[in-house]
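A.B. asks: Sequence first, then the predicted structure:
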Amino acid sequence: MSSLQARTTVRTISFIGLGKAASKTVKLPAYIGGGLAAAGSYVMYKFEQVQTFTSDKLDKMKGFAGNIRDGIGSIFGRGGRENGKDNGGSGDGDDAATAGVAAAAVGVGFDGDDEGNLNENGEISDDDEDEDAEREQEQHLDDAMVNLTKQMIEIRSLLMSIDGATALTLPAIVVIGSQSSGKSSVLESIVGQEFLPKGSNMVTRRPIELTLVNDPSQAAEVAEFPALKLYNMTDFQQVQKILRDLNLAVPDEETVSGDPIQLTIRSPKVPDLSLVDLPGYIQVEAADQPASLKEKIREVCGRYLDEPNIILAISSADVDLANSSALRAAKRSDPKGERTIGVITKLDLVSPEDGRALLTNRKYPLKMGYVGVITRAPNSGSIFRRKTGSQAYLAQQSFEKSYFKDNKEEFLGTSIGTKVLKRRLMKVLESSMARALKPMHDKVANELEEASYQFKVEFNDRDLTSEKYMAQTIDNLKLVVKEFSERFGRPELKSLLRSELDQRVLDLLAQRYWNKPPVTAKKQQQEQQSEFNEPSLEELANLSVDDSYWRRKLELSTASLTKLGVGRLSTSLVSDALLAEIGVMLDNSELRTHPGMKDAIRDAAAAVLVKRYNSTSDQVENCIKPYKYEIDVEPREWTMSRQHAVGLLREELKQCNDAYRDLKRTVGGNKLKQIMTFLENEDNSVGESIAKENIGFSPGLMLRGKEALFLRDRSILLSMRLKFLRSSACKNKDNKYRCPEAFMDVVADKLTQTAVLFLNVELLSDFYYSFPRELESKLSSGLTKEQIDAYAKEDPKVKRHIELQEKKELLELALGKIEDVMALRKQIS
Ligand SMILES: Nc1nc2c(ncn2[C@@H]2O[C@H](COP(=O)(O)OP(=O)(O)OP(=O)(O)O)[C@@H](O)[C@H]2O)c(=O)[nH]1
């Protein structure tokens, strides 16, 4: 090891030692306290997510029961009004459906033309003149029902949003159909947009839970993927792409995943419906698949086909019903055909007579019957591809309408048309949801009781929300920062910077003054005479005080210190210390279990410090500038610095001796002595005989020997300098050239004093002022609900606490809503 390397080792030892002494640890108080949460904010948030209305959600959330009851009055009083919003529609049309947007959605007679010859069940009626007053009354009831369906779909979504409550689900309509049966076209004609991914490899992936929300406030169809936090999507090609990606994300070998994709489409044209598309279910079930895979598919899809869900079985008119795998699959789950609606597509591909036979067939009787549709206008490849979304939709609607009109006679008494299908679906869903309400009420009540009990036992009913937890955390952190600011002020800043500069002074002394071999090992001595043709130690001792050699040496050493870049050095030092301190505070706090939040807090601290970094370091550098040219020393300063330098040298000597002792212990006293003697006599007979005796030394031992020599020499030198510094020769500042340790200490002290003045004001005080504000803006107001949630729930215990409370509140809300809907139904009936 070269002497320079070895010196660095010692200097490093010394540096680390002092560094550690300077570090502090701070304990944070417990973060989670009691107190009241912003009650129900999560529930409000969840409610808004599932909310199907657009206006004044908060009021509605608070006054749901009141509003819903008032709603009855307005529905019966005015007809066609919903939650204070006019649903539109003329109210005096020729059909029951002309009064409202809900009717526009299901579309029966909305356009006021001869659609009127489809009766309300969608059956062809000859009675064109059947305009009626009683229908107006019925319309009001219909609107009330539509409103109820809306509420129930809302409840369904609310229940679905409750984690770990999979058993709590209101009925939906599950759509099944074999490949090319026209299933996608049916769903798309209900929605009025092409949104489903096409392609042969799309079979068997994930169910799509499609919630359709009739929303008169929307200009056109808008899609949402709540789980992906994607809202207000109007580009349905993008929707298609997302659905494809989500499906393809299921690996080929898994074939199906039970994890549903949730998609909500809001539009003034869609009816309120909950649909589940089970893509590929039938195909894979029917295909020649291994038994285990079929079992898995049944398991994943089975729960959707079970009661109380309604099955929409799609079969193509040009395929014999006996071969309809959709009907076969429906029969397995609904043997009596009580909750299956049959849909016959592509009626235009068979003769009207054959079409009629399919719709009225007795071979596969279904209590809810069959509806015939044409979901593609001819010669268009795909119903929507040729034209843009709404144009294609209109083309299909108009083709279907004129086809059934042209074949009115043949289809007499059957249910036909996509509008009729929509209406049928809505009615069926409404009544099956209504039937499920009471049992669901009891289930939710049970679940709520269980959740409330757990909440009491585990968390003593202590209210906690993500926001509240976050607010408490920030408050506590601010408090800790305040406490820290009282413990780490100007004096601490000074000692931090001073000990850093002390180390730099020691480094410079080592580099410029203590690099002489104290013994007359001529060879080494010659090697080290470099820069200024340096004299030997003996020569140095005899040099005059005024010799230019000494003056030059001190000037260079001082310049090295003043031109060190004290501005940057000190600013970095304080910034790093503050960041390290913040890290310690965080690790000692409740936040130790919040890696993400800890990073965000550190980033906030760093942001504040970075903002001040350049101006502070420039100011400090400017202010110490005079010392680069001249340093005046007062006698009092000299005395104090001399004392301080003695202390430093003592510590340095101690560390040097400790390091030497450690080496001796690890290598062995005798062995080390032998190597050291060998190294000192390498070129003479003494060395030769030692080498012979030991049959050489390993490179590792040689290194240690060199290190030991260095430490021994450094120790002798430090003792010598210490003695000299304490002698009367260094009593007076006039002898500064021969007492560089004291003079450099004066410089370090001056630099520290000046730098600290500015660091304190520009950096430290500013940090204590700005950091709490930065925390507030970054971690409180600056975060989204999801981010706050994610941070709070980083800690498993906090997560469990918040989630249990959320579950309890959501269940309370759902229960209240179910009770309100039940009361409303009672009033209507
Ligand atoms: N003539 C006629 N063709 C239709 C009708 N409905 C759908 N088609 C066509 O039938 C084919 C299959 O329709 P899709 O809606 O893709 O059927 P699918 O069951 O979803 O098919 P996969 O996506 O393969 O499972 C397409 O080429 C449609 O254009 C219809 O009412 N009449």
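C.D. replies: Right, received. Where do you want to start?
A.B. asks: What lies in contact with stretch 612-619?
C.D. replies: Applying C-beta atoms under 8 Å, 6 or more residues apart in numbering, the contact partners of stretch 612-619 are 567-568, 570-572, 575, 758-759, 762-763, 766-767. Every C-beta, even on glycine, is put in place using the N, C-alpha and C of the backbone.
A.B. asks: quick one: which of those is nearest the ligand?
C.D. replies: residue 575 (60.7 Å; C-beta to the nearest ligand atom).
A.B. asks: Quickly find the element holding that closest one.
C.D. replies: Element membership of residue 575, judged by DSSP states H and E, is helix 566-587.
A.B. asks: Please state the offset of whatever helix or strand comes next after that helix from the chain centre?
C.D. replies: Next along the chain after helix 566-587, taking DSSP H and E as the criterion, comes helix 595-623. Put simply, helix 595-623 sits 25 Å off its chain's centre (C-alpha atoms, centre = their mean, to the nearest Å).
A.B. asks: and helix 595-623, what's its mean pLDDT?
C.D. replies: Averaging the model's pLDDT scores along helix 595-623 yields 93.
A.B. asks: For the helix or strand just after it, buried residues please.
C.D. replies: Toward the C-terminus, helix 595-623 is succeeded by helix 635-667 as the next helix or strand (DSSP H and E). Across helix 635-667, burial judged by 16 or more other C-beta atoms under 10 Å covers 637-638, 641-642, 644-646, 648-649, 652-653, 655-657, 659-660, 663-664, 667.
A.B. asks: Heading C-terminal from helix 635-667, find the next helix or strand.
C.D. replies: Next along from helix 635-667, by DSSP H and E: helix 669-680.
A.B. asks: by how many degrees do that following helix and helix 635-667 diverge?
C.D. replies: 110 degrees (axes from the mean of the first three to the mean of the last three C-alpha atoms, to 10 degrees).
A.B. asks: which helices and strands sit right next to helix 669-680?
C.D. replies: helix 635-667, helix 685-694, helix 699-726 (3 or more C-beta pairs under 8 Å, 6 or more residues apart in numbering; DSSP states H and E).
A.B. asks: residues in this protein within reach of the ligand, list them.
C.D. replies: 177, 179-185, 198, 345-346, 348-349, 374-376, 382 (C-beta under 6 Å from any ligand atom).
A.B. asks: picking up where we left off before, render the CA-only coordinates of the helix holding residue 575 in PDB, please.
C.D. replies: C-alpha atoms of helix 566-587 as PDB (Å, rounded to 0.1, in the frame of the first residue of the first chain):
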ATOM      1  CA  VAL A 566     -17.300  25.900   0.600                       C
ATOM      2  CA  GLY A 567     -20.600  27.100  -0.800                       C
ATOM      3  CA  ARG A 568     -21.500  23.900  -2.500                       C
ATOM      4  CA  LEU A 569     -19.800  21.700   0.100                       C
ATOM      5  CA  SER A 570     -21.700  23.300   3.000                       C
ATOM      6  CA  THR A 571     -25.000  23.500   1.100                       C
ATOM      7  CA  SER A 572     -24.800  19.800   0.100                       C
ATOM      8  CA  LEU A 573     -23.700  18.900   3.600                       C
ATOM      9  CA  VAL A 574     -26.700  20.500   5.200                       C
ATOM     10  CA  SER A 575     -29.100  19.300   2.500                       C
ATOM     11  CA  ASP A 576     -27.900  15.700   2.900                       C
ATOM     12  CA  ALA A 577     -28.000  15.900   6.600                       C
ATOM     13  CA  LEU A 578     -31.600  17.100   6.500                       C
ATOM     14  CA  LEU A 579     -32.600  14.400   4.000                       C
ATOM     15  CA  ALA A 580     -30.900  11.800   6.100                       C
ATOM     16  CA  GLU A 581     -32.600  13.100   9.200                       C
ATOM     17  CA  ILE A 582     -36.000  12.900   7.500                       C
ATOM     18  CA  GLY A 583     -35.200   9.300   6.500                       C
ATOM     19  CA  VAL A 584     -34.400   8.500  10.100                       C
ATOM     20  CA  MET A 585     -37.600  10.200  11.300                       C
ATOM     21  CA  LEU A 586     -39.600   8.200   8.800                       C
ATOM     22  CA  ASP A 587     -38.000   4.900   9.700                       C
END
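A.B. asks: rewinding a little: got a quick PyMOL command for the buried subset of the contacts of stretch 612-619?
C.D. replies: Applying 16+ other C-beta under 10 Å to the contacts of stretch 612-619 leaves a buried subset, and the PyMOL line that selects it is:
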select buried, resi 567+568+570+571+575+758+759+762+763+766+767
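A.B. asks: Take the contacts of stretch 612-619 and write them to CSV, including pLDDT and distance to residue 364.
C.D. replies: Below are these laid out as CSV (pLDDT from 0 to 100; distance: C-beta to C-beta, whole Å):
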residue, pLDDT, distance to residue 364
567, 94, 88
568, 94, 85
570, 95, 88
571, 95, 83
572, 95, 81
575, 95, 78
758, 92, 90
759, 94, 87
762, 90, 85
763, 94, 82
766, 94, 80
767, 95, 78
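A.B. asks: Now do the SS call for the residue of the stretch 351-500 of the chain found nearest the ligand.
C.D. replies: Ranked by C-beta to the nearest ligand atom, the top residue of the stretch 351-500 of the chain for proximity to the ligand is residue 376, at 3.6 Å. Under the three-state scheme (DSSP: H, G, I helix; E, B strand; the rest coil), residue 376 adopts coil.
A.B. asks: Check what pLDDT it gets.
C.D. replies: So residue 376 comes in at 84 (pLDDT).
A.B. asks: That one and residue 397: what is the separation?
C.D. replies: The span separating residue 376 from residue 397 equals 11 Å under the rule C-beta to C-beta, to the nearest Å.
A.B. asks: Of the two, which one has the most company?
C.D. replies: Shown here are residue 376 and residue 397; by other C-beta atoms under 10 Å, residue 376 has more neighbours (24 against 21).
A.B. asks: What residue in the protein is the furthest from its centre?
C.D. replies: residue 685 (73.7 Å; C-alpha atoms, centre = their mean).
A.B. asks: Tally up the residues packed near residue 723, please.
C.D. replies: Neighbours around residue 723, by other C-beta under 10 Å: 11.
A.B. asks: what's near enough to touch it?
C.D. replies: Applying C-beta under 8 Å, 6+ apart, no residues contact residue 723.
A.B. asks: Helix or strand next in line after the longest helix along the chain, which one?
C.D. replies: In the chain, assigned by DSSP state H, the helix with the most residues is helix 418-459. Elements were assigned by DSSP H and E; along the chain past helix 418-459, the next helix or strand is helix 466-487.
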